[in-house]
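K.L.:
Got a sequence here, can you model it:
(4 chains)
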2 protein chains.
Amino acid sequence: MDNGRSRRPGAAAQTGAATLSLVAQRAGVSLATASRVLHGSGGRVVSDALRARVFAAASELRYVSNGPAQALARASSPVVGLVVHDVADPYFSAIAAGAMRVARAHGLMVMLAATFRDRDLELEYLAMLRAQRARGVLLAGSGFTDPGYTARLAGQIEAFEQQGGRVALVGQHGVHADAVLPDHRGGAAQAARYLWELGHRRIAVICGPRELETVAHRLEGVRSGLGCVGARLPEEHVVEADFTREGGRAAAIGLLRRIPDVTAIFALNDLMAAGVLAAVHDDPRRVVPRDVSVIGFDDLPHAVDLHPALTTVRLPLEEIGERALRLILEEEPGVGVRTVPTAATLVVRASTGPARR
Amino acid sequence: MDNGRSRRPGAAAQTGAATLSLVAQRAGVSLATASRVLHGSGGRVVSDALRARVFAAASELRYVSNGPAQALARASSPVVGLVVHDVADPYFSAIAAGAMRVARAHGLMVMLAATFRDRDLELEYLAMLRAQRARGVLLAGSGFTDPGYTARLAGQIEAFEQQGGRVALVGQHGVHADAVLPDHRGGAAQAARYLWELGHRRIAVICGPRELETVAHRLEGVRSGLGCVGARLPEEHVVEADFTREGGRAAAIGLLRRIPDVTAIFALNDLMAAGVLAAVHDDPRRVVPRDVSVIGFDDLPHAVDLHPALTTVRLPLEEIGERALRLILEEEPGVGVRTVPTAATLVVRASTGPARR
DNA sequence: AGCTCTCCGGAAAGCGCTTTCCAGTGCGCT
DNA sequence: AGCGCACTGGAAAGCGCTTTCCGGAGAGCT
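P.N.:
I've put the predicted structure just below:
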């Protein structure tokens, strides 16, 4: 009897993996029965005697089903994609943590893709995820305010959905899809007003690349917050830099030199704020918050350990990740797109104080 | 002509995905040719005319190949698994970032699994990754000093390898497999000696769960470092707590109350060290490093932003992640297991100083 | 006793792809 | 002219699984 050891066309090595039919054979049942016992979803019942034999055979052979084969036959695979800019960035790893918890609760695996803010790479990963027949994909990275990109993204999303997958976004992305929308504008406005109320009149903003939607929205928030109190943000008070600690530090150094009389610096994320704090520390003539107030955005876990503890705008990042994945896993694809607005709240700590007069 | 719209047995909905045969048909070539053009690896050449037609058809149909089907036919899928304790922990997200870069360079996707230090979950994920026919898996979480677990882990690893997959570890895990070995012992010994040389004689250690291999090794390092100078670490100077900021804070509060005359606290990771720093800050009678020196381990990115900037032992985390994945992706599975020892280096900052006399 | 149901097991037809053959073509060579 | 050869395209088998039928067996009814 042919035991299958003769090389057949197709298929590479993959020596020792037990197959279902091996299990079936060993248990003395048909392939169908083995399948029903081990993965059976379709309400079919198998007698206890056979069940037991199949389980025994499977565990003796250390059988695990062949995921790709299963995915092919079922036309669906137990994975969701998660696309971020950078896993090492605590902003994204917090979102990822939330999303992974939900995935776990659904018995799904997570394919993680890091784009490093490369638009093409993002699109490429989306296509790969589509190829993998991911059940859904969560785009957690900020979108770009770039019409060409937006159009291509919309194309990928459409293709993905047309294939039966679901897509969720964190942020708007200028695209028509289910999304969790952190209130970047509101949070930034609140922070700006807070600074104003503390008496700050010369406020500077250190922001990340403006092409990032997140940055654009936060900047708008600052403007509108200031607008509420009849003030405005002069363009030369806005410094653009890398959305990192180093970016923040360098920008702050330049800013303090260029406009020595600023009394408050709003860094548009906590990473940058940490850099700003470091820059001010290195300036012997200034102390936070006596001479300069510093405020951040995100409330990363270590904001509280900065010195002085950072006043910032909190975004419930893990929750955002959770909600976004829930959006595509737990709810039927309704008619329109659904959005989950998420509030940002000001957390006052020690890095802000009354403006020096 | 049957266009395939009639429901066939097998396969669920999966409406709109273009298949290769559709592409072939549209391009007026055979399935084989289409496959060769689009995924062709086997040195076969296809004429330019046909190539062009296939490409055109594919892009018109927005074709992406069916990953599971490909994986099945090729008996190999373009994914590697990455198992960590917790993505939100910067220690692991740094390792993950390194690993992902390497995966990207190899055109592989990464399946991320977070175990939250649950042994069973870890084993379960390993089985799932095996089911997915992952090409390799990187176990980045610390192992446990638990013989039962070790045996089961060894079983999973063996099954994985027997199936043609490769396994790499960060840390020993008490298991026979390729591994990157951070020098926990050496780093901790160095730090302990450093404290001793600063004149500290009452040194306390705040550690994570001792069942974690990482913790056990670091603790051993402290003991041996102290042993070198003829000192020893009294058991009551070791406090075990959660391997987190909060754990470190709580432990430090208790410790300072219980043994008020300690002059140095070695927290076995930076997260805990941040908590220790916070605890000391809240103690009006003590200042770091005047009254207590604090030292951490890992050198996470924000160690430098703690106050005072944290003296710690640096582990090149991203590099560790890179090396580990390289181990299984770029080198032939040699005869024995390979290990990559990785040095830990003391980074002196401001949280340590001469012992108060 | 004869009939219809309900159950449960198995055979087999796919899922979408890769890859091995095989066959046809046009070329250079003797 | 005749032969072998390199080259290119296609047919078809098979990867490991799911699921639809189908059929046999026992149960319940008249």
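
K.L.:
Isn't A:Arg349 up against A:Ala309?
P.N.:
Yes - the pair A:Arg349 and A:Ala309 qualifies as a contact (C-beta atoms under 8 Å) at a distance of 3.9 Å. Every C-beta, even on glycine, is put in place using the N, C-alpha and C of the backbone.

K.L.:
okay, and the common contacts of these two?
P.N.:
Common contacts of A:Arg349 and A:Ala309 (C-beta atoms under 8 Å, 6 or more residues apart in numbering or on different chains): A:Ala303.

K.L.:
Tell me which helix or strand A:Leu50 sits in.
P.N.:
Using DSSP states H and E, A:Leu50 sits in helix A:48-60.

K.L.:
pLDDT on that helix, on average?
P.N.:
Mean per-residue pLDDT for helix A:48-60: 91.

K.L.:
Same question for stretch A:26-42.
P.N.:
Per-residue scores along stretch A:26-42 average to 88.

K.L.:
check whether the helix holding A:Leu50 contacts chain B.
P.N.:
No - figure legend: helix A:48-60 not in contact with chain B (C-beta under 8 Å from any C-beta of the partner chain); closest approach 11.4 Å.

K.L.:
tell me which residues in that helix are buried?
P.N.:
Applying a neighbour-count criterion of 16 or more other C-beta atoms under 10 Å in any protein chain shown, one finds A:50-51, A:53-55, A:57-58 buried in helix A:48-60.

K.L.:
Then stretch A:116-136?
P.N.:
For stretch A:116-136, using 16+ other C-beta under 10 Å, the buried residues are A:116-117, A:119, A:122-123, A:125-126, A:128-136.

K.L.:
Do it and chain B come into contact?
P.N.:
Yes - remark: stretch A:116-136 sits within contact range of chain B at A:125, A:127-133, by C-beta under 8 Å from any C-beta.

K.L.:
Please compute how far that stretch lies from its chain's middle.
P.N.:
14 Å (C-alpha atoms, centre = their mean, to the nearest Å).

K.L.:
Next, the angle helix B:90-105 makes with the helix or strand hosting A:Val102.
P.N.:
Element membership of A:Val102, judged by DSSP H and E, is helix A:90-105. Put simply, helix A:90-105 runs at 80 degrees to helix B:90-105, going by axes from the mean of the first three to the mean of the last three C-alpha atoms, to 10 degrees.

K.L.:
who in the stretch 251-357 of chain A is up against chain B?
P.N.:
Going by C-beta under 8 Å from any C-beta, the residues of the stretch 251-357 of chain A near chain B are A:274, A:277-278, A:301-302, A:304-307, A:318.

K.L.:
filter those to the buried ones?
P.N.:
Buried among those by 16+ other C-beta under 10 Å: A:274, A:277-278, A:301-302, A:304-307, A:318.

K.L.:
now, the most widely separated pair of the residues you listed?
P.N.:
A:Ala278 and A:Glu318 (26.8 Å; C-beta to C-beta).

K.L.:
Which single residue of the stretch 101-250 of chain A ends up nearest DNA strand C?
P.N.:
Residue of the stretch 101-250 of chain A nearest DNA strand C, by C-beta to the nearest atom of the strand: A:Ala131 (8.3 Å).

K.L.:
so what's that residue up against?
P.N.:
Shown in contact with A:Ala131 (C-beta under 8 Å, 6+ apart): B:64-67.

K.L.:
Would you mind marking which of those residues are also close to chain A?
P.N.:
Applying C-beta under 8 Å from any C-beta to the contacts of A:Ala131, those adjacent to chain A are B:64-67.

K.L.:
With distance to A:Glu235 and pLDDT as extra columns, can I get those in JSON lines?
P.N.:
Listed next are the ones next to chain A among the contacts of A:Ala131 as JSON lines, based on distance: C-beta to C-beta, whole Å; pLDDT from 0 to 100:
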{"residue": "B:Val64", "distance to A:Glu235": "44", "pLDDT": "92"}
{"residue": "B:Ser65", "distance to A:Glu235": "49", "pLDDT": "93"}
{"residue": "B:Asn66", "distance to A:Glu235": "51", "pLDDT": "95"}
{"residue": "B:Gly67", "distance to A:Glu235": "48", "pLDDT": "95"}
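
K.L.:
What is the nearest of those to DNA strand D?
P.N.:
Within the ones next to chain A among the contacts of A:Ala131, the smallest distance to DNA strand D is 10.9 Å, found for B:Asn66 (C-beta to the nearest atom of the strand).

K.L.:
For that closest one, list the residues it contacts.
P.N.:
With C-beta under 8 Å, 6+ apart, B:Asn66 has these contacts: A:72, A:131, A:133, B:17, B:19-20.

K.L.:
least confident pick among those?
P.N.:
B:Ala17 (82).

K.L.:
Count the neighbours of it for me.
P.N.:
20 (other C-beta atoms under 10 Å in any protein chain shown).

K.L.:
One more: A:Ala69?
P.N.:
Neighbour tally, A:Ala69, other C-beta under 10 Å: 18.

K.L.:
Phi and psi next, for it.
P.N.:
Per-residue torsions, A:Ala69: phi -60, psi -40 (degrees, to the nearest 10).

K.L.:
Could you do the one 10 residues further on as well?
P.N.:
A:Val79 has phi and psi values of phi -130, psi 150 when expressed as degrees, to the nearest 10.

K.L.:
Tell me how far A:Gln190 lies from A:Val239.
P.N.:
According to C-beta to C-beta, to the nearest Å, A:Gln190 stands 21 Å off from A:Val239.

K.L.:
More neighbours: which of the two?
P.N.:
A:Val239 (21 against 18).

K.L.:
what's the residue nearest to that one when sequence neighbours are not counted in contact with, if anything?
P.N.:
Spatial nearest neighbour of A:Val239, chain neighbours left out: A:Ala251 (4.5 Å); criterion: C-beta to C-beta, 6 or more residues apart in numbering or on different chains. When contacts are counted by C-beta under 8 Å, 6+ apart, A:Ala251 touches A:206, A:239-241, A:272, A:275-276.

K.L.:
what's the answer for A:Asp146, then?
P.N.:
Taking C-beta under 8 Å, 6+ apart, one finds A:119, A:211 in contact with A:Asp146.

K.L.:
Pop out the phi and psi values for it.
P.N.:
Torsion angles, degrees, to the nearest 10, at A:Asp146: phi -150, psi 110.

K.L.:
coming back round to it: secondary structure added to the contacts of A:Ala131, as CSV?
P.N.:
What follows is the contacts of A:Ala131, written out as CSV (DSSP: H, G, I helix; E, B strand; the rest coil):
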residue, secondary structure
B:Val64, coil
B:Ser65, coil
B:Asn66, coil
B:Gly67, helix
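
K.L.:
So which of those is the closest to B:Thr342?
P.N.:
Nearest to B:Thr342 among these, with distances taken as C-beta to C-beta, is B:Gly67, at 34.1 Å.

K.L.:
Now do the nearest residue to A:Pro301 once chain neighbours are set aside against A:Asn269, distance only.
P.N.:
Nearest residue to A:Pro301, sequence neighbours excluded (C-beta to C-beta, 6+ apart): A:Pro90, at 6.6 Å. Taking C-beta to C-beta as the measure, A:Pro90 falls 10 Å from A:Asn269.

K.L.:
Spit out the residues that contact those two alike.
P.N.:
With C-beta under 8 Å, 6+ apart, A:Pro90 and A:Asn269 have no common neighbours.
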